[in-house]
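Colleague: here you go, sequence then predicted model.
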Amino acid sequence: MLNQYGRSIFFSHNGFQEEAFRLSIATNLKEKKFKRGASTISMQLVKNVFLNRNKTVVRKVEEIILVWLMESSKQVSKKRLYEVYLNVIEWGNNVYGITEASRYYFGKKPADLNLGESIFLSSIVPRPKTGLYSFDWTGHLKSNMIRYFNTYGNIMVKTKQIGVDSTVSNYGFYQVELVPHLRSARPAFFDSVQTDTLDLEEGEDNFLNLDETTEAHKRSLFDKLLGRNKEEK
C-alpha cells in the first residue's frame, strides 16, 4: 500500500504533474542544483527499470520521453504499472520489492500483511533506509508514527477503501511488530535497574525502594566516571 494521496493522483494523471514540475524547475534554477524533484510514480518506475540514478539533465530528458511513450501508448494498464513499481522500488537497505520488504520487516507474504503493517510500509517509501528507525527496542512503532497512521487511515475511510470499524487502535498501529532479529538492543539502563531491584534483601518492599535503588545506580556510575572507589567517598 502506498501513500493513498499519491496513489490516487497516479491513477488520474498522464505521467506528469505539471504544477510540481514548474515548482521543481523554478527551485532548481534558483538553487543552481537539483534541490527539488517532481517525480511521479510513472517517472520513478521508468528510472528504476530503465535508467540510472545519476542526477543529470540528459537522464531527466530520457526519463520524460520514456514516461510519455509509456503513458500515451496505453499498452500497459495503470494497475500493472503500479504493481511493477511496488516490486522494484527500494524498501530498506538493500531491500527491493514489496515481497522482500514484507518478509524483511514482518516475516510475512504481502497478502498476509494487516492494515497497520501496510500503512507502515507506505510510510517508508520516500525514505526507505530509515525504516528500522521507526521501531523501539521492543519491536513496536514509536509514538511519533501515530499521526501518520491517523492521517492516512482517515483518508482511506473517507475514500471507502476501509470501513469505519477499521479505526480501532489507530488503524492497526499497535498491531505492528518488527521481527525479533531486527530489533535494537535493550537499553542497558533497564537491565541494570532490574538487577539492582532483584538484589534487594528478602522482605523489603521492592516498589518503595525502586527510586532509591535507581539513585544508587546513578551514583555508582558517577563514581566510576570520576575514577573513585568506596574508600575515597
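Modeller: Sure thing, it's come through. Residues are numbered from 1 along each chain as shown.

Colleague: how about low-confidence regions in this protein?
Modeller: 1-38, 190-233 (pLDDT under 70).

Colleague: all strands of it, in order?
Modeller: 90-92, 95-96 (DSSP state E).

Colleague: would you mind finding the most buried of those strands?
Modeller: strand 90-92 (a mean of 19; mean count of other C-beta atoms under 10 Å). The C-beta positions use only the backbone N, C-alpha and C, and glycine is treated the same way.

Colleague: show me what that strand is packed up against.
Modeller: Applying 3 or more C-beta pairs under 8 Å, 6 or more residues apart in numbering; DSSP states H and E, we find strand 90-92 packed against helix 98-106.

Colleague: so what does the helix it packs on touch, helix or strand wise?
Modeller: Against helix 98-106 (3+ C-beta pairs under 8 Å, 6+ apart) you get strand 90-92, helix 115-123.

Colleague: ok, the first one: who's next to it in the sheet?
Modeller: Right, strand 90-92. strand 95-96 (antiparallel) (DSSP bridges).

Colleague: ok, and what's touching the strand it pairs with?
Modeller: With contact meaning C-beta atoms under 8 Å, 6 or more residues apart in numbering, strand 95-96 is reached by 88-90, 101, 104, 128.

Colleague: which of the residues you listed are buried, as a ChimeraX select command?
Modeller: To isolate the buried members of the contacts of strand 95-96 in ChimeraX, using 16 or more other C-beta atoms under 10 Å:
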select :89,90,101,104,128
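
Colleague: if I look at Val179, how far off is Gly172?
Modeller: Distance, Val179 to Gly172, using C-beta to C-beta, to the nearest Å: 17 Å.

Colleague: ok, those two, which is more surrounded?
Modeller: Comparing Val179 with Gly172 by other C-beta atoms under 10 Å, the one with more neighbours is Gly172, at 21 against 13.

Colleague: helices along this structure, start to end?
Modeller: Secondary structure of the chain (DSSP state H): helices at 4-10, 18-31, 41-50, 57-73, 78-86, 98-106, 115-123, 146-158, 169-172, 188-198, 206-226.

Colleague: quick one: list the elements packing against the fourth one.
Modeller: So the one you mean is helix 57-73. Checking 3+ C-beta pairs under 8 Å, 6+ apart, helix 57-73 ends up next to helix 41-50.

Colleague: relative to helix 57-73, how tilted is the helix it packs on?
Modeller: 110 degrees (axes from the mean of the first three to the mean of the last three C-alpha atoms, to 10 degrees).

Colleague: the residue nearest to Gly116 when sequence neighbours are not counted and Lys78: what is the separation?
Modeller: With sequence-adjacent residues excluded and distances taken as C-beta to C-beta, 6 or more residues apart in numbering, Gly116 is closest to Gly172, at 2.5 Å. In this view, Gly172 and Lys78 are 27 Å apart by C-beta to C-beta.

Colleague: what's the local residue count around Ser73?
Modeller: When counting by other C-beta under 10 Å, one arrives at 8 neighbours for Ser73.

Colleague: in contact with the closest residue to Phe173 other than its chain neighbours, which residues are there?
Modeller: Spatially, and ignoring its direct neighbours in sequence, Phe173 is nearest to Phe149 (4.6 Å; C-beta to C-beta, 6+ apart). Going by C-beta under 8 Å, 6+ apart, Phe149 touches 116, 119, 170-173.
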